[in-house]
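A.B. asks: what's the 3D shape of this:
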Amino acid sequence: MSKPRRIPAAGEGKRGSEGYLAYLLRQANAATRRALDRALADLDVTSPQFMVLVMVGAYQPLSSADLARLTFLTPQTINVIIRNLEERRAIVRWPHAVHGRILNVELTPVGAQLLGQCRRKADQIEAELAAGLRTVAEREVVRRWLAYVAMSLGVDDGGV
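C.D. replies: Below you'll find the predicted structure:
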């Protein structure tokens, strides 16, 4: 009977510098999501809710369809998140001036305050992410590369 193999830890073998870029991006995304969920838990906010708050705060007013595209979430998930954030009075919806079936989503003052609280916690995680990069120039290279990956692989081409 053979001895069970030890699964490598993050940073080792194919989970480290020998790994495929696509896998390493997925691993980094999972770790970042877990860290954000833990950091935001005491505010009773999930990572997807935080992303919705960030996008609404940055680009309001937005439709639910816009939010689904910006956050890479399904329309069904966005609807649940919007309902939950409405119940918290963090966002409001109102009919689009021309397209009456479309509802615009905007932050309320409560939502802006909640976003600020979330942002402070997320900034700590951003600092941890940036700690592995020695200079502002290195951080800029990583940001440009990540944006390039999204653009070159067509993140805006087909929805969720």
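A.B. asks: Below-threshold pLDDT in the protein: ranges please.
C.D. replies: Applying pLDDT under 70 to the chain picks out residues 1, 100, 157-160.
A.B. asks: Report the next helix or strand after the longest helix anywhere in the chain in sequence order.
C.D. replies: Longest helix of the chain, by residue count under DSSP state H: helix 109-131. Next helix or strand after helix 109-131 toward the C-terminus (DSSP states H and E): helix 136-152.
A.B. asks: any idea which element residue 94 lies in?
C.D. replies: Applying DSSP H and E as the criterion places residue 94 in strand 91-95.
A.B. asks: That strand to helix 109-131, inter-axis angle?
C.D. replies: Following axes from the mean of the first three to the mean of the last three C-alpha atoms, to 10 degrees, one obtains 120 degrees for the angle between strand 91-95 and helix 109-131.
A.B. asks: give me every residue that touches the residue nearest the centre of the chain.
C.D. replies: The centroid of the chain falls nearest to residue 51 when counting by C-alpha atoms, centre = their mean (4.6 Å). By C-beta atoms under 8 Å, 6 or more residues apart in numbering, the residues touching residue 51 are 70, 71, 73. Yep, even glycine has a C-beta here, placed from its N, CA and C like the rest.
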